[in-house]
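Q: Have a look; sequence and predicted model below, questions after that.
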Amino acid sequence: EKPLAIAIDGPAASGKGTLSRRLAAEFGLRHLDTGLTYRGVAKALIDQGLPLDDEDIAEKAALELDLGGLDRTVLAEHGIGEAASRVAVMPRVRRALVEKQKQFAAAMPGAVLDGRDIGTVVCPDAPVKLYVTASAEVRAERRFREIVSNGGEATYEQVLEDVKRRDARDMGRADSPLRPAPDAHLLDTSEMDIETAFLEARAFVEKAL
Ligand code: C5P
């Protein structure tokens with residue numbers, strides 16, 4: 001028996017995180033939000049007052065990162081996502097984190113991994129690949145509501161600008177840019193609620209297994 005890998009990629013606020021957690025629960029698999037690994041490196045650097053763009057320093061932080069110690073609530077902050085996308089452009093940071101992510105995926109019974117390069121780099125042989133998208137406007141609207149309902153302050157225009165800047169950085173970088181794997185199934189959630197998106201994703205996984 002080989003471990004089963006389900007690869008989920010897509011831009012920020014596409015809904016891939018919620019989908020991944022629900023798919024993992026549905027199919028009895030473990031789940032890794034690989035965005036948290038880049039966030040964990042960024043947070044470690046910020047906490048130690050270290051620069052975000054020194055590859056030697058950031059690689060060391062990536063090698064020392066403990067996947068078991070990643071705390072969603074601490075790492076969720078918007079500014080950390082922005083910092084994460086800056087450390088994520090450095091090839092040696094990516095190599096160190098991808099190695100840990102591959103090890104996570106290799107353990108039985110398998111795992112759902114979500115991120116930007118799962119179908120293309122981390123698990124290129126995954127039998128199930130989903131690419132989850134939504135328009136920048138819809139994603140900004142979702143993120144904006146989330147921030148406001150958590151008591152935060154932001155304007156929709158500001159959030160939209162952030163979403164577009166992060167997309168440009170993630171899709172434009174030289175190493176492992178965000179793009180659908182050639183064999184990925186596209187799921188556009190612009191006009192779907194999360195329940196409908198989950199039912200579509202589940203049906204796709206069942207068909208592929
Ligand atoms: O998904 P999340 O917003 O938590 O990811 C934060 C940043 O980490 C992304 O904007 C991206 O630059 C980077 N990332 C990545 N590859 C992944 C997951 C996240 O480059 N597999």
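A: Okay, I see it.

Q: So what does residue 63 look like in phi/psi?
A: phi -60, psi -30 (degrees, to the nearest 10).

Q: same check, this time on residue 6
A: phi -120, psi 120.

Q: Surely it is in contact with residue 126?
A: Yes - applying C-beta atoms under 8 Å as the test, residue 6 and residue 126 come out as touching, 6.4 Å apart. For the C-beta atoms, the positions are set from N, CA and C on the backbone; glycine is no exception.

Q: who's more crowded, those two?
A: residue 6 (28 against 24; other C-beta atoms under 10 Å).

Q: which residues in the protein form strands?
A: Shown for the chain, the strands assigned by DSSP state E span residues 4-9, 30-33, 110-115, 128-133, 185-188.

Q: now for the third one, which elements pack on it?
A: Contact partners of strand 110-115 among helices and strands, from 3 or more C-beta pairs under 8 Å, 6 or more residues apart in numbering; DSSP states H and E: strand 4-9, helix 16-27, strand 30-33, helix 91-106.

Q: could you redo those as TSV and give each row distance to residue 114 and mean pLDDT?
A: Below are these laid out as TSV (distance: least, C-beta to C-beta, whole Å; pLDDT from 0 to 100):
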stretch	distance to residue 114	mean pLDDT
strand 4-9	4	98
helix 16-27	4	97
strand 30-33	6	98
helix 91-106	11	98
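
Q: May I see the ones you listed organised as TSV, with distance to residue 171 added?
A: Shown next, in TSV, are the helices and strands packed on strand 110-115 (distance: least, C-beta to C-beta, whole Å):
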stretch	distance to residue 171
strand 4-9	11
helix 16-27	15
strand 30-33	19
helix 91-106	15
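
Q: Among the ones you listed, which comes closest to residue 48?
A: Minimum separation from residue 48 across the helices and strands packed on strand 110-115 (C-beta to C-beta) falls at helix 91-106, 15.3 Å.

Q: Show me what the closest one is packed against.
A: Using 3+ C-beta pairs under 8 Å, 6+ apart, helix 91-106 sits against strand 30-33, helix 35-47, helix 55-64, strand 110-115.
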